[in-house]
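Novice: prediction below, plus the sequence it came from.
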Amino acid sequence: MSSGTLSPGPVSYTQSEARTIAPGLHFVSTPIGAARDITLRALDLLAGADVLAAEDTRSLRHLMEIHGLSLGGRPLIAYHEHNEGQALPRLLRALEEGKSVVYASEAGTPLVSDPGFGLARAVIAAGLPLTAAPGPSAVLCALTVSGLPSDRFLFAGFVPSAAGARRSFLQDLANSSATLILYDSPKRVRETLAEMVSCFGKEREAALCRELTKRFEEVCRGRLEDLAAEFADRDVKGEIVLVIDRAPAQEAAAETVEAALEMAMATMSMKDAAAAVAEAYGLPRRQVYQMALGKGSR
């Protein structure tokens, strides 16, 4: 995700501390907000690599300036989805020549909703060295502060922008037994929360994380119904990460749900009956509607 403005701090690293970097491609994680979240190993790599590559060269230059690092005549190559055809061969040539190449996404960990996958695949296919310097990640940061179960989690990427695709996307995730982590646009998050209430149920616990590690960081926790109401009329800005609790254990036996469906369908439409039973038993509407369709076809 985009980092916006990095928050600088006192600089303690100097270019003279640069270490010799082994040949190969090195993925470097960069701060998602606070510039001091950079790791010492990342600074070593940025200071000493033969070639630097970045999703956004301006962002990387700025980060290096904050920490007192200079290019020193080294090439700085832009690499992203729009120029992969031109940049990839150049980076592979440098690696084949035995040089050390560092690649940094604009913010966070490369390949996690950021460029780098094609580069990694090409380097692996060519049998060239590939390593990573772990560090900041909006996914793990949000999971940590959400207060939701972290023993099993699923990062599902960005919520689709189109209404139909968004609903289908969320319905497919409704029964997940893992804590869900999603990126969303501040322009659409109110629609996403409302759709989550419908797909996941109003009682599901969640956290909305905004501007993590930045000046206006905010974490709102609570039931989806409450979060949807809180953000219904808010003008939201900044990077958004949504964390949603896993689906509740299915305590009601299938026979009990089916019996309730039969009773409801005797006086209601199939759609309304499915919605009523889903709410009564805390089940996803789509799951109960599929059961109703099965009964209707008999």
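Specialist: Right, received. Where do you want to start?
Novice: quick one, strands of the stretch 151-298 of the chain?
Specialist: 153-158, 179-184, 205-210, 218-223, 240-244 (DSSP state E, counting those that start in this stretch).
Novice: out of the ones you listed, deepest packed?
Specialist: Of all the strands of the stretch 151-298 of the chain, strand 240-244 has the most neighbours on average by mean count of other Cβ atoms under 10 Å, namely a mean of 26. Just so you know, the C-beta spots here come from the backbone N, C-alpha and C atoms, and that holds for glycine as well.
Novice: partners of that strand in the sheet?
Specialist: Sheet pairing here is set by DSSP bridges, and for strand 240-244 it gives strand 179-184 (antiparallel), strand 205-210 (antiparallel).
Novice: quick one: buried residues of the helix or strand encompassing L46?
Specialist: If you go by DSSP states H and E, L46 is part of helix 40-48. Using 16 or more other Cβ atoms under 10 Å as the test for burial, helix 40-48 gives A42, L43, D44, L45, L46, A47, G48.
Novice: likewise stretch 111-123?
Specialist: Buried, per 16+ other Cβ under 10 Å, within stretch 111-123: L111, V112, D114, P115, G116, L119, A120, A122, V123.
Novice: ditto for stretch 54-64
Specialist: In stretch 54-64, counting by 16+ other Cβ under 10 Å, buried: A54, E55, D56, T57, S59, L60, R61, L63, M64.
Novice: ditto for stretch 163-171
Specialist: Applying 16+ other Cβ under 10 Å to stretch 163-171 flags R166, R167, F169, L170, Q171 as buried.
Novice: what's next to it, contact-wise?
Specialist: Stretch 163-171 has contacts (Cβ atoms under 8 Å, 6 or more residues apart in numbering) with 156, 159-160, 188, 191-192, 195-196, 198-200, 284, 286.
Novice: what of stretch 131-146?
Specialist: Contacts of stretch 131-146 (Cβ under 8 Å, 6+ apart): 1, 22, 24-32, 37-39, 41-42, 45, 107-110, 112, 150, 153, 155, 179, 181, 183, 207, 209, 212-213, 219, 221, 239, 241, 243.
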